[in-house]
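Q: Below are the sequence and a predicted model; questions follow.
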Amino acid sequence: MPRSYRQVTCSTHDGSGPWRRAGLGWATTRIVVVVAVTTLSLLVPARVGAVPRSRQTPQTGTVFVRVDQAGYPDRSTKMAFLMSTGNLAGSAAVINSDGAPVDTIPIGPSLGAWNGRFGHVYRLDFTGVTTDGTYTISADGATSPRFPIAAASAVYAPDLAHSLYFYENERDGPHYIPTALRSGPGHLNDGHATVYETPPVDANGNFRGDLTALGETIDATGGWWDAGDYLKFVETTSYVVALMLAGVKTFPAQMGPGSADANFTSEAEFGLEWLMEMWNQQTETLYYQVGIGAGNTTGTILSDHDIWRLPQDDDTYGGTNPAYRYIRDRPVFEAAPAGSTISPNLAGRLAADFGLCYQVFRTSDPSLADSCLVDGETVFGLAKTSHVSRLLTTIPYGFYPETNWQDDMELGATELYDALAEGSGSVPGLPQTDARFYLVQAARWARAYLAIGPRRYDTLNLYDTAGLAHFELAEAISRAGDPSGLAVTGAQLVANLNTLIHIGVSQAAETPFDYGAAWNGADSVSRGDGLSVMASEYDQLTRSTTYASQAQGWLDGALGANPWGVAFIVGDGSTSPECLSHQVANISGSLDGEPPVLDGAVVEGPASSGTRGSLPGMRSCSVDYRQFNGRDGTFVDNVQSYDTTEPAIDLTASSFLALSWLSSSGQ
């Protein structure tokens, strides 16, 4: 059945190209969506100060006070911003919950204009306010949202619980968790998924004809949906699992067994189990994707991005209509024939996942840990590291056009070293038992990353893991006693981490809001969170507070201290995006900021522009922020605008590490 469509253009992570990361793409034939919502909900701790959510309405006025709506640790640097259409003088006041002023902040000088309407931005420093409580800031008739000041662990505990809640709502397969948004399991047909060759695609991502089956089926149930759609990628899941397990290992009180409300251990294991389904150790075969995001050139095969529905609809979607056969029975794509080399980005990150698995589960689940370590060493050994051309990420590649891979190999080797260094001599079937072998390999690939040069450097995000790999390797080298003969030293890693952080420092100098990522670039919120992580890592490695204010400030920017006054992590402030480009949140959730919402989801955030393109079944939702948009960033809170309001598992991953670092440091 031919389709009528309206293609929606968008940008890749570097601001170019015809692809989007995920979400809606084309309008197609009419579908009927049945909404089923449970009354169950996971409990998360209440925020200190009981700051309420607020219904979004178009904001009017000439002066606005922007604060971190999640709150400020009592011992942190505390910055807010005053944005005005005209020049201001005098002072702002910090007001406590009794209505009494507790601090006076001089206004000025102006840091410059944000856009043509708001010609003045002022930084408000109230670091001296350290008494726990709930506050507002008032200036020239404008008042900020209420925000708490408390111990760092108390401020961020609800936000970490929200992050975990997001991943629990993204679960696919039979082991879903009932919540107010989730009323049934999705994609049970993945339990007998057919494996296909990777098809060639045209310039629009569509393949010609039909897919070619390889005569094999696998159990591909489980895992997390990638974003607002229902595709599942090893590319993004392997990144999330690495950050999640690193968090459990490094921050047991925030993300591990020591946390009463945000123990990510089981969720990390859930992600690992899916990766172990996608990697067949016996045949040494990697499967890298479940589902298709684009159909064929003739329009006779429709894709995940062509319809808007709940996940439990898919197993029987369209009855016997052949146009929907890859919705009902989703294809799995093989990375390469059994025993072949593997794209080094995937091999490196999977090795890191499996090495971290051993470290985290060695005591609690030795069988899982042992299997992970054998798998990790095997995958690492199959990495294709010579004559590397275009990396394998997703089909089509334009969904996630990653180019760096040396950082992934560095991370993988480091985590395998740490696993072996813990003592794994009793693990049967290990290809390599000498821990130093992997330390040498990690240093080799770190050196290779340094050699790619600043033009290809990036901050911590899906496309570049050096911001985590350098920290882990520097710590490993230190624990090993700074052995000689390695391709890099700990000092060189710290120096390069500093160089990467200065990407954010330089960007912050370009905006009066001191934000380290370009608001008009892609993944702006995730990149800001990643910079916060790197700043905290640097201070940990150098035993300093060199970047403590930036670590705090860049997270503040993601949580409301920005031109729009929006906390771009859903639920982590009184004003969050309401109109997510996310099918479950749109169909089963509220559209006014009140529960149920997809708490913990990090959206794309401000970008160069918003996008449009509706699908049948989509609930219309839009909030107007136009007066706050500028040349340097646009935020469109509209369900159609996946460039700004679509959350994703990789976007959210850097947030829980940023929250954990600041919570554990007690800043």
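A: Happy to help now that I have it. Numbering: from 1, shown residues only.
Q: ends of stretch 581-600, how far apart?
A: Terminal residues of stretch 581-600 lie 15 Å apart, using CA to CA, to the nearest Å.
Q: residue ranges with poor pLDDT in this structure?
A: 1-59, 424-425, 666-667 (pLDDT under 70).
Q: again, only this time at 80
A: Applying pLDDT under 80 to the chain flags the ranges 1-60, 424-425, 666-667.
Q: Look through it and report the residue furthest from the middle.
A: In the chain, counting by CA atoms, centre = their mean, Gly90 sits farthest out from the average C-alpha position, at 40.6 Å.
Q: where's that one relative to Ser144, distance?
A: Distance, Gly90 to Ser144, using CB to CB, to the nearest Å: 16 Å. All C-beta atoms are positioned from the backbone trio N, CA, C, and that covers glycine.
Q: Same check on Ala491?
A: Noted for Ala491: a distance of 43 Å to Ser144, by CB to CB.
Q: quick one, which of these two is more surrounded?
A: Neighbours were counted for Ala491 and for Ser144 using other CB atoms under 10 Å; Ser144 has more, 27 against 12.
Q: Please name the residues that touch the more buried one.
A: Residues near Ser144 by CB atoms under 8 Å, 6 or more residues apart in numbering: Val65, Arg66, Val67, Ala80, Thr136, Ile137, Ser138.
Q: redo that, cut-off 6 Å
A: Counting by CB atoms under 6 Å, 6 or more residues apart in numbering, Ser144 touches Val65, Val67, Thr136, Ile137.
Q: Out of those residues, the closest to Leu439 would be?
A: Using CB to CB, Val67 comes nearest to Leu439 of these, at 44.7 Å.
Q: wait, isn't that closest one in contact with Phe81?
A: No - Val67 is beyond contact range of Phe81, at 8.1 Å (criterion: CB atoms under 6 Å).
Q: what touches both of those two?
A: Counting by CB under 6 Å, 6+ apart, the contacts common to Val67 and Phe81 are Ala561.
Q: Roughly how far does Asp125 sit from Ser266?
A: Applying CB to CB to Asp125 and Ser266 gives a distance of 41 Å.
Q: the more surrounded of those two?
A: Each of Asp125 and Ser266 has its neighbours counted (other CB under 10 Å); Asp125 has more, 13 against 10.
Q: contacting residues around the more buried one?
A: Taking CB under 6 Å, 6+ apart, one finds Met79 in contact with Asp125.
Q: before we move on, back to that, select from the contacts of Ser144 the one having the most neighbours.
A: Of those, with other CB under 10 Å as the count, Val67 tops at 28 neighbours.
Q: Quick check: that one vs Leu164, distance?
A: 25 Å.
Q: who touches stretch 256-271?
A: So stretch 256-271 is contacted by Pro45, Leu160, Ala161, Leu164, Tyr167, Thr237, Val241, Met244, Leu245, Val248, Pro252, Met255 (CB under 6 Å, 6+ apart).
Q: Out of the residues you listed, give me the two with the largest separation.
A: Within the contacts of stretch 256-271, two members stand farthest from each other by CB to CB: Pro45 and Thr237, at 27.4 Å.
Q: Neighbour count for these two, which is higher?
A: More crowded of Pro45 and Thr237, by other CB under 10 Å: Thr237, with 25 against 15.
Q: Please enumerate the strands of the stretch 501-650 of the chain.
A: Secondary structure of the stretch 501-650 of the chain, counting by DSSP state E, counting those that start in this stretch: strands at 622-623, 637-638.
Q: any chance of those strands in a markdown table, plus distance to Thr179 and mean neighbour count?
A: Below are those laid out as a markdown table (distance: least, CB to CB, whole Å; neighbours: other CB atoms under 10 Å):
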| stretch | distance to Thr179 | mean neighbour count |
| --- | --- | --- |
| strand 622-623 | 24 | 20 |
| strand 637-638 | 23 | 23 |
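Q: for the ones you listed, which one sits closest to Thr320?
A: Comparing the strands of the stretch 501-650 of the chain by their distance to Thr320 (CB to CB), the top pick is strand 637-638, with 35.5 Å.
Q: who does that closest one pair up with?
A: Applying DSSP bridges, strand 637-638 is found paired with strand 622-623 (antiparallel).
Q: What are the contacting residues of the partner strand?
A: Identification of contacts with strand 622-623 by CB under 6 Å, 6+ apart yields Gln56, Glu578, Cys579, Asp637, Asn638.
Q: Distance-wise, check the nearest residue to the last one once chain neighbours are set aside relative to Gly610.
A: In this case it means Asn638. Leaving aside its sequence neighbours, Asn638 sits nearest to Ser622 (CB to CB, 6 or more residues apart in numbering; 4.3 Å). Separation of Ser622 from Gly610 (CB to CB) stands at 10 Å.
Q: can you check Ile149 too?
A: As judged by CB to CB, Ile149 and Gly610 stand 34 Å apart.
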